[in-house]
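Novice: what follows is a predicted protein model with its sequence.
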Amino acid sequence: MRSHRGKSTIDGVKRERGLAVIIAYKLGKGGLWLLIVLVLLVSMHMGLSDRLLGFAAHLRLHARVWSLRLAELLVSAATRRGLWTIIVALFADGTFSLIEGWALWTGKTWGKWLVVVSTSALLPLEVAAFVKHPHAVRAALFVLNVLIVGYLTNKALREGLALREGKAT
């Protein structure tokens, strides 16, 4: 009698290359943002706030518009420090990116639509931010987000159609 080793269902899942790239992007970005938040907090605790201001101005270009706006509202009520705005924005964006990546990685039915809705809803804000402050990184991230929305929308619609056809037969 042969014994069967237990296999993880996630390990055996075959993913399209595009989906794997999006998952890696979301998880990598989320992890990086949270790592930067940790570094900023430790650096501030060590008294390096003045040196971090130049770094923070650079990071502001890469934060998502919604998380930056939310952070500015929260921080303006609590403190005037620009670094706190960046920390809150990166923490919010990093956490949400990890949730999106996890939802895609685990194959949650709603995962693709979460990324599609959250990303596409923010595209107009990203355009407005680009018009006010044009930057090559913002343009590249906008194009990347449009490609992600298009790819995941197409994939989710195809899977939904295949599911309906499978249930109909």
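Specialist: Arrived safely.

Novice: quick check: next helix or strand after the least confident helix or strand in the chain by mean pLDDT?
Specialist: Lowest mean confidence among the helices and strands of the chain (mean pLDDT, DSSP states H and E): helix 65-78, at a mean of 53. Downstream of helix 65-78, the first helix or strand assigned by DSSP states H and E is helix 82-105.

Novice: now do that following helix: which elements does it pack against?
Specialist: Applying 3 or more C-beta pairs under 8 Å, 6 or more residues apart in numbering; DSSP states H and E, we find helix 82-105 packed against helix 17-45, helix 49-60, helix 65-78, helix 111-132. Backbone N, C-alpha and C define where each C-beta goes, glycine included.

Novice: how about low-confidence regions in this protein?
Specialist: 1-14, 48-82, 167-169 (pLDDT under 70).

Novice: quick check: buried residues in the longest helix seen in it?
Specialist: Secondary structure of the chain per DSSP state H: the longest helix is helix 136-168. By neighbour count with 16 or more other C-beta atoms under 10 Å, helix 136-168 contains the buried residues 138, 141-142, 145, 148-149, 151-153, 155-156.

Novice: from these, pick the one nearest Lys26.
Specialist: Closest to Lys26 out of the buried residues of helix 136-168 is Ile148 (8.9 Å), distances taken as C-beta to C-beta.

Novice: you'd agree the closest one is up against Ile22?
Specialist: Yes. If you go by C-beta atoms under 8 Å, Ile148 and Ile22 touch, sitting 5.7 Å apart.

Novice: quick check: neighbours shared by these two?
Specialist: Shared contacts of Ile148 and Ile22, defined by C-beta atoms under 8 Å, 6 or more residues apart in numbering, are found at Val115.

Novice: taking helix 82-105 as reference, get the angle to the longest helix of the chain.
Specialist: Inter-element angle recorded for helix 136-168 and helix 82-105: 30 degrees (by axes from the mean of the first three to the mean of the last three C-alpha atoms, to 10 degrees).

Novice: give the other helices and strands that helix 136-168 contacts.
Specialist: Using 3+ C-beta pairs under 8 Å, 6+ apart, helix 136-168 sits against helix 17-45, helix 111-132.

Novice: packing partners for the shortest one?
Specialist: When you say that, I think you mean helix 111-132. In terms of contacts (3+ C-beta pairs under 8 Å, 6+ apart), helix 111-132 is packed against helix 65-78, helix 82-105, helix 136-168.

Novice: burial of Ala103, as a residue count?
Specialist: Here the count is done by other C-beta atoms under 10 Å, and Ala103 has 19 residues near it.

Novice: sorry, back to before: save the helices and strands packed on helix 111-132 as CSV, and put in distance to Leu114 too.
Specialist: CSV is the format used below for the helices and strands packed on helix 111-132 (distance: least, C-beta to C-beta, whole Å):
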stretch, distance to Leu114
helix 65-78, 14
helix 82-105, 6
helix 136-168, 9
